[in-house]
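Asks: Fold the following for me, if possible:
(2 chains)
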Amino acid sequence: MNLDFSWMAWTWPTAAFFGVIALLLVGMGVWEYASPGGNPRVGVLRFETTRGDRLFLSLLGSAFIHLAWLGLVGPSLWWALALSVVYAIGVFRYV
Amino acid sequence: MDKTWNNKAWFLVLPVLVLVAFTAVIPLMTVVNYSVQDTFGNNVFTWAGTEWFEELLSSSRFWEAMVRNLIFSFIILAIEVPLGIFIALNMPKKGWGVPVCLVLMSLPLLIPWNVVGTIWQVFGRSDIGLMGYYLNAIGIDYNYVQDPFDAWVTIIIMDVWHWTSLVVLLCYAGLVSIPDAFYQAAKIDGASRWAVFRYIQLPKMQRVLLIAVLLRFMDSFMIYTEPFVVTGGGPGNSTTFLSIDLVKTALGQFDLGPAAAMSLVYFLIILLLSWVFYTVMTNYDAER
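Replies: Predicted coordinates:
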């Protein structure tokens, strides 16, 4: 069977993007195996979140940070990436 | 929480994972790939980077469609929720009227979206449509094909006709679950009709109303088929919502890159709304 995925129009940057997402999910799986239960807690949002929720919030928020940067500042996204990392650390620390 | 040691459970989840991979993950990956490239067909792509996203975020067409979507959602919520509560309060609670009303209320929900659009497209026509013909006959200049206001009114009435029943049925379910003891206590205290509604019925309907509001908001935000069949997004762009604009870009203009970028932004907005929906629901349950 010949599996041809050329119709998906893969590029190295998008492959790297999905690779990072996959690594994050594997990392979360390993973390869950090492420390089961998802570490639920009530943070600044005043409702219970697990570490899976915090990853979701980090990724979703990062997407909006990048979009806002593109729309308001310009096409260079390195600062947006740095801001997203700071945001994700904040989410994992305080949410 | 204890670890789950029954690894056979993974095999039961496998079919769902495969299905989701084919129906959601692979298409999503493809859309992400398309969003950073340009193509003129024949499976040949050139790198465009963030160009389509920049173009989209500075496009007045996109923001106008977004504003139209938000206004539409706001209007139909402002009509459907109070109307749904009003009808549910006035529906019979016992006797032969109950099944009759429930069936009548369910009928619009059973009609496919494109059929609803076709019904209202014909109904509103000024030459052969029952509503359009008689509105013109009594002197009201109504023409949804040429007048943006008439087009909006038609789409809003159509959505109200199609979906108020959902709000009614949810509210009715909330109302019939209230034990008689509450009403008897209110009667003994001499509570007015308004007091019964404000302090007994409304609090008991709170959960179903929350579901109704969020379902209707998300559904109206993604509306496509009905306005597409009735007005095709016109006259001009007056009823072009995000989903219609997206299909016009992707299939009408064959601009797959910009359409993919628009899809992703639209997807992120829906994802955010879904998360708000999920969070509000789960926290409401936790508080109870």
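
Asks: what about chain B, any weak spots by pLDDT?
Replies: B:1-5, B:285, B:287-288 (pLDDT under 70).

Asks: Point me to the residue of it nearest chain A.
Replies: B:Leu57 (3.6 Å; C-beta to the nearest C-beta). Any C-beta I mention is one placed from the backbone N, CA and C, and that applies to glycine too.

Asks: List the contacts of the residue nearest to that residue when sequence neighbours are not counted.
Replies: Sequence neighbours aside, A:Gly71 is the residue nearest to B:Leu57 in space, at 3.6 Å (criterion: C-beta to C-beta, 6 or more residues apart in numbering or on different chains). Counting by C-beta atoms under 8 Å, 6 or more residues apart in numbering or on different chains, A:Gly71 makes contact with B:Glu54, B:Leu57, B:Ser58.

Asks: Same check on B:Thr279?
Replies: A:Phe47.

Asks: ok so it is a strand residue?
Replies: No - according to DSSP: H, G, I helix; E, B strand; the rest coil, B:Thr279 belongs to no strand; its state is helix.

Asks: re earlier: let's see whichever helix or strand the residue nearest to B:Leu57 is part of as PDB, backbone CA atoms only.
Replies: Assigned by DSSP states H and E, A:Gly71 belongs to helix A:51-72. Taking Å, rounded to 0.1, in the frame of the first residue of the first chain, the C-alpha atoms of helix A:51-72 are listed here in PDB:
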ATOM      1  CA  ARG A  51      -2.700  20.200  34.700                       C
ATOM      2  CA  GLY A  52      -4.500  19.200  31.400                       C
ATOM      3  CA  ASP A  53      -6.800  22.200  31.700                       C
ATOM      4  CA  ARG A  54      -3.700  24.400  32.300                       C
ATOM      5  CA  LEU A  55      -2.000  23.100  29.200                       C
ATOM      6  CA  PHE A  56      -5.100  23.700  27.200                       C
ATOM      7  CA  LEU A  57      -5.400  27.300  28.500                       C
ATOM      8  CA  SER A  58      -1.700  27.900  27.800                       C
ATOM      9  CA  LEU A  59      -2.000  26.700  24.200                       C
ATOM     10  CA  LEU A  60      -5.300  28.500  23.500                       C
ATOM     11  CA  GLY A  61      -4.000  31.700  25.100                       C
ATOM     12  CA  SER A  62      -0.700  31.400  23.200                       C
ATOM     13  CA  ALA A  63      -2.600  31.100  19.900                       C
ATOM     14  CA  PHE A  64      -4.500  34.400  20.700                       C
ATOM     15  CA  ILE A  65      -1.300  36.100  21.800                       C
ATOM     16  CA  HIS A  66       0.300  35.200  18.500                       C
ATOM     17  CA  LEU A  67      -2.800  36.400  16.500                       C
ATOM     18  CA  ALA A  68      -2.900  39.700  18.500                       C
ATOM     19  CA  TRP A  69       0.800  40.200  17.900                       C
ATOM     20  CA  LEU A  70       0.300  39.700  14.200                       C
ATOM     21  CA  GLY A  71      -2.600  42.000  14.000                       C
ATOM     22  CA  LEU A  72      -1.200  44.800  16.300                       C
END
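
Asks: List the buried residues in that helix.
Replies: Judged by neighbour count using 16 or more other C-beta atoms under 10 Å in any protein chain shown, the buried positions of helix A:51-72 are A:51, A:53-55, A:57-58, A:61-63, A:65-67, A:69-70.

Asks: Right, I'll leave it there.
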